Each structure stands twice: as structure tokens, then as C-alpha cells.
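[1] give the three-dimensional model of this entry:
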Amino acid sequence: MFKKIFKQSVDYCKLCYDELAHNTTWPSRKELTHSAGVVLLASLVIAVVVFVMDTVFKNLMLLVYPN
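    Below you'll find the predicted structure:
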């Protein structure tokens with residue numbers, strides 16, 4: 001029983017390696033850099049939007065509940 005499980009595990013690992021080494025299409029350095037730039041820009045835009053919304057809501061709450 002242990003031999004069968006071990007053999008299945010080894011076969012699975014070999015299959016995974018074969019898939020990654022021969023069938024996977026990896027992005028080029030240019031594509032990867034472009035994608036990273038898009039993610040960075042989107043993150044910055046979302047951070048600015050959240051900051052603006054937070055500031056607006058904070059000021060609205062100060063109008064409703066003054067100190």
C-alpha cells in the first residue's frame with residue numbers, strides 16, 4: 001500500500017515537472033515588466049481613491065458630529 005502511494009506521488013511530481021518545463025508558456029521580461037507596472041499603477045489609483053473617500057467621509061462626520 002505504501003509503495004503504491006509513493007509511486008503515485010512520484011508520478012504526480014514527474015507530471016507536474018513535465019507540465020511546467022514543456023507545456024507552460026512563460027511571459028517575456030518585457031511582458032512581465034509591463035504587467036508589474038499596470039498592477040503598481042492600479043494599486044496607487046485605488047489607494048488614492050480610498051484616501052479621498054476616507055477624507056470626505058471624515059469631514060462629513062465632523063459636520064454631523066462636531067467636537
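[2] spatially central residue for this structure, please.
    Val39 (8.8 Å; CA atoms, centre = their mean).
[3] which residues touch that one?
    Applying CB atoms under 8 Å, 6 or more residues apart in numbering, one finds that Val39 lies in contact with no residue. For glycine as for every other residue, the C-beta is placed from the backbone atoms N, C-alpha and C.
[4] look up how far Val49 lies from it.
    16 Å (CB to CB, to the nearest Å).
[5] likewise Cys16?
    40 Å.
[6] kindly report the same for Lys58.
    For Lys58 relative to Val49 (CB to CB), the value is 15 Å.
[7] likewise for Leu41?
    On the measure of CB to CB, Leu41 and Val49 end up 13 Å apart.
[8] before we move on, what about Thr55?
    Taking CB to CB, one finds Thr55 at 11 Å from Val49.
[9] and for Cys13?
    Counting by CB to CB, the gap from Cys13 to Val49 is 44 Å.
[10] now do Lys30
    Applying CB to CB, the value for Lys30 to Val49 is 29 Å.
[11] equivalent analysis for Gln8, please.
    Taken as CB to CB, the span from Gln8 to Val49 is 49 Å.
[12] do the same with Val38
    According to CB to CB, Val38 stands 16 Å off from Val49.
[13] could you export the least confident helix or strand in the chain by mean pLDDT as PDB, CA atoms only?
    Here the helix or strand of the chain ranked lowest by mean pLDDT, DSSP states H and E is helix 2-18, holding a mean of 92. Taking Å, rounded to 0.1, in the frame of the first residue of the first chain, the C-alpha atoms of helix 2-18 are listed here in PDB:
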ATOM      1  CA  PHE A   2       2.800   2.400   0.900                       C
ATOM      2  CA  LYS A   3       4.600   1.600  -2.300                       C
ATOM      3  CA  LYS A   4       1.500   2.400  -4.400                       C
ATOM      4  CA  ILE A   5       1.000   5.800  -2.700                       C
ATOM      5  CA  PHE A   6       4.700   6.600  -3.100                       C
ATOM      6  CA  LYS A   7       4.700   5.600  -6.700                       C
ATOM      7  CA  GLN A   8       1.600   7.800  -7.300                       C
ATOM      8  CA  SER A   9       3.200  10.700  -5.600                       C
ATOM      9  CA  VAL A  10       6.400  10.400  -7.700                       C
ATOM     10  CA  ASP A  11       4.400  10.000 -10.900                       C
ATOM     11  CA  TYR A  12       2.400  13.100 -10.000                       C
ATOM     12  CA  CYS A  13       5.600  15.100  -9.300                       C
ATOM     13  CA  LYS A  14       7.000  14.000 -12.700                       C
ATOM     14  CA  LEU A  15       3.800  15.000 -14.400                       C
ATOM     15  CA  CYS A  16       3.900  18.400 -12.700                       C
ATOM     16  CA  TYR A  17       7.500  19.000 -13.700                       C
ATOM     17  CA  ASP A  18       6.800  18.000 -17.300                       C
END
